[in-house]
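In: Give me the fold of what follows.
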Amino acid sequence: ANFILAIFIFSLTAIVFGKPVHKIVMMDIMEGPAKTAGLENGDILMSLNGRDIQAYGDFYRVVSTSSATELTLGIERDGEALSFNVTPERRKVDNGLGQEAYTGMIGVMIQLQQVDHIRYNLPGAVLAGVRETGAVCALTARMIGRMMTGKEDLSQLSGPVGIGDVTRRVVNKTMGADQVPLSDRLQATFWMLLKISAFVSIGIGLFNLLPLPILDGGHLLMNGYEAVMGSALPLRIQETALKFSLFVLLSLAGLVTLNDIMKTGLLDIFGG
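Out: Down below sits the predicted model:
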């Protein structure tokens with residue numbers, strides 16, 4: 001149900017807005033990984049790790065979650081196809097909503113030049129929604145794996161408090177643009193919150209598939225064991241596994257909530 005909701009939201013967005021196709025031009029190469037790798041101003045990004053890139057979001061998603069991981073950038077320079085290996089650095093930056101977050105960066109300023117705009121019919125929009133949901137699932141699973149292996153900081157995890165804070169900031173920033181007509185601000189806020197709902201729904205769906213007995217992923221694991229072995233796990237083992245998974249979930253919930261409180265500044269408010 002979580003994934004179906006996300007597909008519905010992404011499909012609705014696709015059929016209403018379509019998809020712009022951009023030419024991604026690197027206009028300012030700063031000191032950092034990009035300059036070290038040999039990238040130059042005016043280079044046009046064509047591919048990333050062998051996959052064609054048509055939108056800035058596709059580029060940003062990979063780079064921002066690949067700190068200390070080498071990426072291969074396909075570049076067009078003066079009509080010539082070139083390839084560069086770049087390793088993003090993990091930096092603490094403002095996420096555009098007044099929050100500081102760790103993200104992978106290569107040290108470039110990007111200029112987007114729209115070259116096309118794809119419009120979808122209903123089947124095409126549904127297919128685009130499925131693809132977008134799959135891409136977000138893959139990115140989320142990748143981030144979880146990087147956190148578990150220590151490649152990303154656990155502080156990037158967010159729970160209800162963090163989600164609520166992001167939602168508040170999005171609404172305040174969008175509705176605070178007084179130079180924009182109220183109807184446009186309301187529409188922008190609606191679509192942004194709808195998209196946030198899709199991301200949250202995917203996160204919940206993936207989390208629920210973790211192989212902990214108290215979650216659906218754990219039930220699938222135990223049912224799989226029973227299907228293979230012909231009998232269920234002994235009740236004592238099931239009870240121990242349930243207690244352990246409950247302890248893990250409560251500990252994780254406490255850690256994420258404390259982290260969210262620290263990031264949102266709630267302690268500062270209570271501290272006067």
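In: residue ranges for the helices of the stretch 101-250 of the chain, please.
Out: Under the criterion DSSP state H, counting those that start in this stretch, helices of the stretch 101-250 of the chain are mapped to 122-148, 160-175, 182-208, 216-229, 235-264.
In: packing partners for the longest one?
Out: Contact analysis of helix 235-264 by 3 or more Cβ pairs under 8 Å, 6 or more residues apart in numbering; DSSP states H and E lists helix 160-175, helix 216-229 as its packing neighbours. C-beta here means a position set from N, CA and C on the backbone, and glycine is covered the same way.
In: Okay, buried residues for the first one please.
Out: This points to helix 160-175. Judged by neighbour count (16 or more other Cβ atoms under 10 Å), helix 160-175 contains these buried residues: Val161, Gly162, Ile163, Asp165, Val166, Arg169, Val170, Thr174.
In: I'd say the first one and Leu258 touch.
Out: No - Val161 is not in contact with Leu258 according to Cβ atoms under 8 Å; the separation is 9.3 Å.
In: coming back round to it: out of the buried residues of helix 160-175, which is nearest to Val228?
Out: Nearest to Val228 among those: Ile163, at 38.0 Å, using Cβ to Cβ.
In: Can you give me the separation between the closest one and Phe190?
Out: Applying Cβ to Cβ, to the nearest Å, the value for Ile163 to Phe190 is 17 Å.
In: Ramachandran coordinates for the residue nearest to Phe207 when sequence neighbours are not counted?
Out: Spatial nearest neighbour of Phe207, chain neighbours left out: Leu215 (7.5 Å); criterion: Cβ to Cβ, 6 or more residues apart in numbering. Leu215 adopts backbone torsions of phi -110, psi 170, taken as degrees, to the nearest 10.
In: mind checking how far Leu215 is from Val200?
Out: 17 Å.
In: just to revisit the earlier point, which residues touch the residue nearest to Phe207?
Out: Phe207, Asn208, Leu209, Ser245, Leu249 (Cβ atoms under 8 Å, 6 or more residues apart in numbering).
In: quick one: the second one from Leu215, how far?
Out: It stands for Asn208. For Asn208, the distance to Leu215 - Cβ to Cβ - is 5 Å.
In: just the last one next, same as before
Out: For Leu249, the distance to Leu215 (Cβ to Cβ) stands at 8 Å.
In: check contacts around Phe3.
Out: Phe3 neighbours (Cβ under 8 Å, 6+ apart): Thr133, Cys137, Ser201, Ile202, Gly205.
In: now the helices and strands packed on helix 235-264 as JSON lines including distance to Ala125 and mean pLDDT?
Out: Below are the helices and strands packed on helix 235-264 laid out as JSON lines (distance: least, Cβ to Cβ, whole Å; pLDDT from 0 to 100):
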{"stretch": "helix 160-175", "distance to Ala125": "24", "mean pLDDT": "83"}
{"stretch": "helix 216-229", "distance to Ala125": "29", "mean pLDDT": "89"}
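In: Which among those helices is found nearest to Val93?
Out: If you check each of the helices and strands packed on helix 235-264 against Val93 by Cβ to Cβ, helix 160-175 wins as the nearest, at 15.4 Å.
In: Perfect, I'm done here.
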